[in-house]
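Engineer: Provide a 3D model corresponding to the input given below.
(one chain, ligands or ions: 2)
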Amino acid sequence: MRRDHRPPHPLLRTASVRALEHAALAVTGPGALMDRAAAAVADAAERLARSLPAGTPVRAFCGPGNNGGDALLAAMMLRERGFDARAFELAEACAGSNSPADAARVREQARRSGMTPARIESLAGLRELLDPAPPAPAPLVLDGLFGIGLARPLSGLAEAFCRLVDELRPPLVAVDVPSGIDADTGAIVGGPGAAAVRATLTVTMIADKPGLRTGAALDHVGELRIEPLGVTGARSDGILFTRADAATLLPGRPRDSSKGSFGSVLVIGGAAGMAGAALLAGRAAQCSGAGKIWIASPDGPVFDPGQPQLMTRSVNAPFERRATIVAGCGLGADSRAEALLARILDSGLPMVLDADALNLLALCSPAGHGTLPVLTPHPLEAARLSGSEVGEIQADRIGAACTIAETRRAVVVLKGAGTVVAHPDGYWAIVDSGGPALATAGTGDVLAGLIGGLRAQGLSAWEAALLGCWAHGHAADRWAAHCGHAAGLSAAELPELARGALASLHFARNE
Ligand SMILES: NC(=O)C1=CN([C@@H]2O[C@H](COP(=O)(O)OP(=O)(O)OC[C@H]3O[C@@H](n4cnc5c(N)ncnc54)[C@H](OP(=O)(O)O)[C@@H]3O)[C@@H](O)[C@H]2O)[C@H](O)CC1
Ligand SMILES: [K+]
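Structural biologist: Residues are numbered from 1 along each chain as shown. Ligands and ions are numbered 1, 2, ... in the order given. From the prediction side, this is the model:
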């Protein structure tokens, strides 16, 4: 996909990380990797401490495995560097003695201990691992409970620790993975109501991980720092699609060109009461750089006085044979819409299917449609397409997107925190842009139009999906950064913001 020599940003699942660890340990011998990991955590904690009051102590909380080992060693290093560093093992929490009575006792003791910053340390069952030191101000916390070995929801002391961290919100460095987060999926192990640590900063070892880049994890990872530990040869399971990747896909704009050089888009949607959805898609296709845009609504012409260049067309007219179709935005779900979708699927034209078209498609048996379509479901539409529930989609966003891509023979854009783009041949990417500013009506119509417009300019379905998602997300990120808040963006502003995001890539090409 990438059109320059630089390798893409790899994302490794835990199985791949373990394989790399195993190979590296055979060479470096026991302890070397942990030394490097601990030093990376200590360095990150020291950097973070510079922004905290002088004398801020460090408190490491250690689980039973190597994640705990990393944190303990880091605490010892920080003590050698002059910090008031202590380390605690949540022995009971990790030995499986997590009876509900234990957990209730712990919570009651924690509650009775009052609101002092040291309350975390007052958790009953903590066994101090290093020599005690005098009490000090609110601590900088190292989360060394669990990393890639997390196998079940946090409970007992570990859960109580998480809940306290959630209340007190201390500055916190998560070792490798915020405890409670699944490093492969980004979901909280045990589901949305289960416990997971919210970190200020996560220092992840050996390679970036998909479960740090999508889903619930995005509210838990904080700033992410990747520490390779000198381990090379990472064979990526997927990639993070970054600005540098997007810059390599930006369509060229030769001087000797005309509007016919940049393709045409036919937006099919905008039924009565939902005309705006089609207009948003049409405007976005325009802002992506497409040459000509038509809008065809089942309920007659939908004219956009604000953008008079968007042409209207009857849905009964034959499809323009070189058009890229963007269907579903406000299409409706009646028999006319069903008949239109059947004509669209039979056309074999490049297409982007969104919203109502996806819900109708979910009722059709999977079948190939000529050129690879792009489907742009949000989690509920994805659940319908795969006959599952939203909770199952969000519990494994990458797996869900890949399954739909394979069964529907399509490029699938699973929207949401950390948009996942999956190819039917099994490879996938997480888009490194986008945020809660996009959680408002109409932004999906804009995304469909952007992807359709880029497809019309000659990008493959995979490339158009990735670049469209990146521009869509980056536009919202720039808007939110400029406003200092992520609420209030309107979908009507988004096409021109996305045009700006694409234009900014022109400069990124030479970075
Ligand atoms: N191996 C290396 O040289 C390096 C490892 N790194 C760090 O190590 C961790 C991975 O360490 P690991 O020991 O494999 O796993 P964890 O420390 O994440 O988990 C420890 C054990 O905890 C048990 N477990 C799992 N879930 C729970 C839970 N909810 N409650 C209680 N206990 C739980 C589980 O054992 P069980 O037998 O009980 O299932 C885990 O094995 C990695 O994340 C890095 O931090 C270095 O960074 C790189 C070198
Ligand atoms: K951790």
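Engineer: Show me how the chain divides into domains.
Structural biologist: 9-236, 243-508 (automatic domain parsing).
Engineer: what mean pLDDT would you report for the shortest one?
Structural biologist: The predicted model gives domain 9-236 an average pLDDT of 84.
Engineer: which of the domains of the chain sits most buried?
Structural biologist: Most buried of those, by mean neighbour count (mean count of other CB atoms under 10 Å): domain 243-508, with a mean of 21. (C-beta placed from N, C-alpha, C; glycine too.)
Engineer: So which residues on the protein come close to ligand 1?
Structural biologist: 21, 25, 33-34, 37, 63-68, 70, 94, 146-154, 158, 175-177, 205 (CB under 6 Å from any ligand atom).
Engineer: Just the mean pLDDT for the lengthiest helix in the chain, thanks.
Structural biologist: When the chain is parsed with DSSP state H, its longest helix is helix 461-483. Across helix 461-483, pLDDT averages out at 97.
Engineer: Do a quick rundown of the helices in the stretch 201-350 of the chain.
Structural biologist: Along the stretch 201-350 of the chain, the segments classed as helices by DSSP state H, counting those that start in this stretch run 243-249, 275-288, 335-347.
Engineer: now do the stretch 1-150 of the chain
Structural biologist: So, for the stretch 1-150 of the chain - with DSSP H, counting those that start in this stretch - the helices run 14-28, 32-49, 66-80, 91-94, 100-112.
Engineer: mind putting those helices in TSV, distance to ligand 2 included?
Structural biologist: Below are those laid out as TSV (distance: least, CB to the ion, whole Å):
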stretch	distance to ligand 2
helix 14-28	13
helix 32-49	10
helix 66-80	5
helix 91-94	12
helix 100-112	19
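Engineer: export these to CSV and tack on distance to residue 467?
Structural biologist: Converted to CSV, these look like this (distance: least, CB to CB, whole Å):
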stretch, distance to residue 467
helix 14-28, 27
helix 32-49, 33
helix 66-80, 37
helix 91-94, 45
helix 100-112, 48
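Engineer: Out of those helices, which is closest to residue 290?
Structural biologist: Set against residue 290 and scored by CB to CB, those come closest in helix 14-28, at 38.9 Å.
Engineer: May I have the closest one as CSV, with CA atoms only?
Structural biologist: Output of helix 14-28 as CSV, limited to C-alpha atoms (Å, rounded to 0.1, in the frame of the first residue of the first chain):
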residue,chain,number,x,y,z
THR,A,14,0.8,-10.8,21.9
ALA,A,15,1.6,-14.1,20.3
SER,A,16,4.1,-12.3,17.9
VAL,A,17,5.6,-10.3,20.8
ARG,A,18,6.1,-13.5,22.8
ALA,A,19,7.8,-15.1,19.9
LEU,A,20,10.2,-12.2,19.6
GLU,A,21,10.7,-12.2,23.3
HIS,A,22,11.5,-15.9,23.3
ALA,A,23,14.0,-15.5,20.4
ALA,A,24,15.6,-12.5,22.1
LEU,A,25,15.9,-14.2,25.5
ALA,A,26,17.8,-17.0,23.8
VAL,A,27,20.4,-14.5,22.7
THR,A,28,20.5,-12.0,25.6
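Engineer: how much does that helix deviate in direction from helix 32-49?
Structural biologist: Computed by axes from the mean of the first three to the mean of the last three CA atoms, to 10 degrees, the angle separating helix 14-28 from helix 32-49 equals 110 degrees.
Engineer: distance between helix 14-28 and the chain's centre?
Structural biologist: 26 Å (CA atoms, centre = their mean, to the nearest Å).
Engineer: residues in contact with it?
Structural biologist: The list of residues contacting helix 14-28 from outside it, by CB atoms under 8 Å, 6 or more residues apart in numbering, reads 12, 32-33, 148, 183-184, 205-207, 209, 229-231, 233-237.
Engineer: From ligand 1, how far off is residue 291?
Structural biologist: Distance of residue 291 to ligand 1, computed by CB to the nearest ligand atom, to the nearest Å: 51 Å.
Engineer: List the residues that contact that residue.
Structural biologist: Neighbours of residue 291 in contact, by CB under 8 Å, 6+ apart: 258, 259, 260, 261, 262, 263, 264, 456, 457.
Engineer: one step back: give me the helices and strands touching the next helix or strand after the longest helix of the chain, please.
Structural biologist: Counting by DSSP states H and E, the next helix or strand C-terminal to helix 461-483 is helix 494-508. Packed against helix 494-508, as judged by 3 or more CB pairs under 8 Å, 6 or more residues apart in numbering; DSSP states H and E, are the following elements: helix 243-249, helix 275-288, helix 443-456, helix 461-483.
Engineer: what's the distance between the residue nearest to residue 337 when sequence neighbours are not counted and residue 277?
Structural biologist: Excluding its sequence neighbours, the residue lying closest to residue 337 (CB to CB, 6 or more residues apart in numbering) is residue 331, at 4.9 Å. Distance, residue 331 to residue 277, using CB to CB, to the nearest Å: 8 Å.
Engineer: Between these two, which contacts overlap?
Structural biologist: Counting by CB under 8 Å, 6+ apart, the residues touching both residue 331 and residue 277 are 269, 270, 355.
Engineer: possible to save these as TSV with pLDDT?
Structural biologist: Output for those, formatted as TSV (pLDDT from 0 to 100):
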residue	pLDDT
269	97
270	96
355	96
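Engineer: wait, which of the residues you listed is closest to residue 201?
Structural biologist: Using CB to CB, those come closest to residue 201 at residue 355, 38.0 Å.
Engineer: you'd agree the closest one is up against residue 328?
Structural biologist: Yes: counting by CB atoms under 8 Å, residue 355 touches residue 328, with 4.3 Å between them.
Engineer: Now for these two: what residues contact both?
Structural biologist: 269, 448.
Engineer: Looking at the stretch 1-150 of the chain, which residue is nearest ligand 2?
Structural biologist: residue 143 (4.5 Å; CB to the ion).
Engineer: Identify the residues contacting that residue.
Structural biologist: Residue 143 touches 61, 71, 165, 172, 173, 174, 175, 178, 179, 197, 199, counting by CB under 8 Å, 6+ apart.
Engineer: still on that earlier bit, what angle sits between the longest helix of the chain and helix 494-508?
Structural biologist: Helix 461-483 and helix 494-508 meet at an angle of 100 degrees, taking the same axes, to 10 degrees as the criterion.
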